[in-house]
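Colleague: Quick one: sequence plus predicted model below, questions after.
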Amino acid sequence: MAPVPQPRFNPEYDEPLLREVEEVGHEHGLVFVTKTGLWPTLERQIAQYGYRTRALGAPYHGRVIFEVLPRDEVASGSSLHAPLPGR
């Protein structure tokens, strides 16, 4: 998901996806929220960056709440990708 120009006030997001994902290694307990329709695209994009995703339960009001696992957890295999229920 390539960055697109954002308005100066009330932008849809505050940083490009890669920068947000890279924060996972520095900030404990980060969770992300996306619309259910964007979930497959985000999963693929985050995987291309070398990270894994894990949905935290079933979708809620058309949103997926998920975490991104740091690169070291992916490399060690200590955590596995958990797909959405029903997928």
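Modeller: Noted; the coordinates are in hand. Note that the structure is a prediction, hence the values are computed from the model and not measured. Numbers count the residues shown, from 1 in each chain.
Colleague: So what's the residue count around R44?
Modeller: 11 (other C-beta atoms under 10 Å). Bear in mind the C-beta positions are built from the backbone N, C-alpha and C, glycine included.
Colleague: give me the element it is part of.
Modeller: Here R44, judged by DSSP states H and E, is contained in helix 39-48.
Colleague: What residues of that helix count as buried?
Modeller: Buried positions in helix 39-48, judged by neighbour count with 16 or more other C-beta atoms under 10 Å: W39, L42, E43, Q45, I46.
Colleague: repeat for stretch 50-60
Modeller: Within stretch 50-60, the residues scored as buried using 16+ other C-beta under 10 Å are Y51, R52, T53, A55, P59.
Colleague: thinking again about what came up before, if we only consider the buried residues of helix 39-48, which is nearest to V64?
Modeller: Using C-beta to C-beta, the shortest approach to V64 within those belongs to W39, at 4.6 Å.
Colleague: For L18, pull up the helix or strand it's in.
Modeller: According to DSSP H and E, L18 maps onto helix 17-22.
Colleague: doesn't T53 make contact with L42?
Modeller: Yes. Taking C-beta atoms under 8 Å as the contact criterion, L42 and T53 are neighbours in contact, 7.2 Å apart.
Colleague: Check what contacts the longest strand anywhere in the chain and list those residues.
Modeller: The single longest strand within the chain, with elements called by DSSP state E, is strand 63-69. When contacts are defined by C-beta atoms under 8 Å, 6 or more residues apart in numbering, strand 63-69 is touched by residues 21, 24, 30-36, 39, 46, 51-57, 79, 84.
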